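Asks: requesting a structural model of the entry that follows:
(one chain, ligands or ions: 4)
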Amino acid sequence: MKKIIFSLGIIGIVSAIVIGGTIAYFSDTETSSGNTFITGTLDLKVDDNDDPNVVHVTLSNMKPGDDSGYYKWVLKNVGSLPGILSVTFGTMNDQENGINTPESIAEAEPYGKLGARPTLGHPTNGELSEFIKPGIHPDDIWEEAKPYTTIIERNDEEGWFIAQVSKEVNTGGSCGWGPKNWSVPSIVISQWAVGPKTNYGYFGLKSWENKTFTYGTLAPGAEIAFFFKAKLESNLQAWDGTKWWDINDNVIQSDSVQFDLTFRLEQVTP
Ligand SMILES: [Ca+2]
Ligand SMILES: [Ca+2]
Ligand SMILES: [Ca+2]
Ligand SMILES: [Ca+2]
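Replies: Ligands and ions are numbered 1, 2, ... in the order given. Okay, here's the model as predicted:
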């Protein structure tokens, strides 16, 4: 019996090598004294699609109180080697899309004098990304999710935290990584502070511009989902690192923001 199992094991290994050879994305064969070495593959698929692993997100026509719901992308390592998976938020392409009268009045208000933007004034290319919240304040995590949520890192001045959620429960509005069959993330990346740039840097979605979040190692054949959610509070306010200031909600009228998400699978270096 033992012998039979052993033989099957050999067959399994042989067929795995043969299959690996035929589906290899790139392959390099070097022969020496009858031994063959075949290079492994590193290949990421996003929602079953191949490179360039970039998705475009457009947020427009939003109004205070809106919630985009979760965007979800399933990432799969279809190569033969483990890889380090990460996502990078691209440049926030904010657009003013015209300024109507209420927006013009709001944008003329020197809310910077309240401390949020002392010298910069309003950007003329729109400011939606500064007010979009890709997260939730730790105190606002939904009650049903609290017992399953463990905060791993937290920075209240910059307004973010990272948490681990042990059960498929909705924390109430954050992005991150999660099992592909879940509808919410299990590793929550939260940016809850919004508003114009301060000494602490940008807040809101704008603070994720050109930022990379690493998931960790994705084994060959493994899948994980990335979740993204955008929210506009029903009353726009600005965080300055210590407190909130009221903002005239009309500053974001007709504004839109576009950005890319780039998923990357990189070789694990020993
Ligand atoms: Ca506008
Ligand atoms: Ca503006
Ligand atoms: Ca307001
Ligand atoms: Ca605006």
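Asks: next up, the contacts around the closest residue to residue 159 other than its chain neighbours.
Replies: Residue nearest to residue 159 in three dimensions, not counting chain neighbours: residue 193, with 2.3 Å by CB to CB, 6 or more residues apart in numbering. Using the backbone N, CA and C atoms, a C-beta is placed for each residue, glycine as well. Residue 193 makes contact with 158-160, 203-204, 207, 239, 241, according to CB atoms under 8 Å, 6 or more residues apart in numbering.
Asks: ok, of those, which one's closest to ligand 2?
Replies: The shortest approach to ligand 2 among the contacts of residue 193 belongs to residue 204, at 14.1 Å (CB to the ion).
Asks: my guess is that closest one meets residue 158, correct?
Replies: No: using CB atoms under 8 Å as the test, residue 204 is too far from residue 158 to be in contact (11.3 Å).
Asks: which one's more surrounded, these two?
Replies: residue 204 (30 against 18; other CB atoms under 10 Å).
Asks: so where does the spatially closest residue to that one that is not a sequence neighbour fall, helix or strand?
Replies: Of all residues not flanking residue 204 in the chain, residue 194 sits nearest, at 3.9 Å (CB to CB, 6+ apart). Counting by DSSP states H and E, no helix or strand carries residue 194.
Asks: any idea how far ligand 4 is from residue 194?
Replies: According to CB to the ion, to the nearest Å, residue 194 stands 14 Å off from ligand 4.
Asks: quick one: contacts for the residue of the stretch 101-250 of the chain found nearest ligand 1?
Replies: Nearest residue of the stretch 101-250 of the chain to ligand 1: residue 103, at 5.1 Å (CB to the ion). Listed by CB under 8 Å, 6+ apart, the contact set of residue 103 reads 250-254.
Asks: wait, does the helix or strand where it lies make contact with ligand 4?
Replies: Element membership of residue 103, judged by DSSP H and E, is helix 101-108. No: Helix 101-108 lies out of reach of ligand 4 by CB under 5 Å from the ion, never closer than 5.5 Å.
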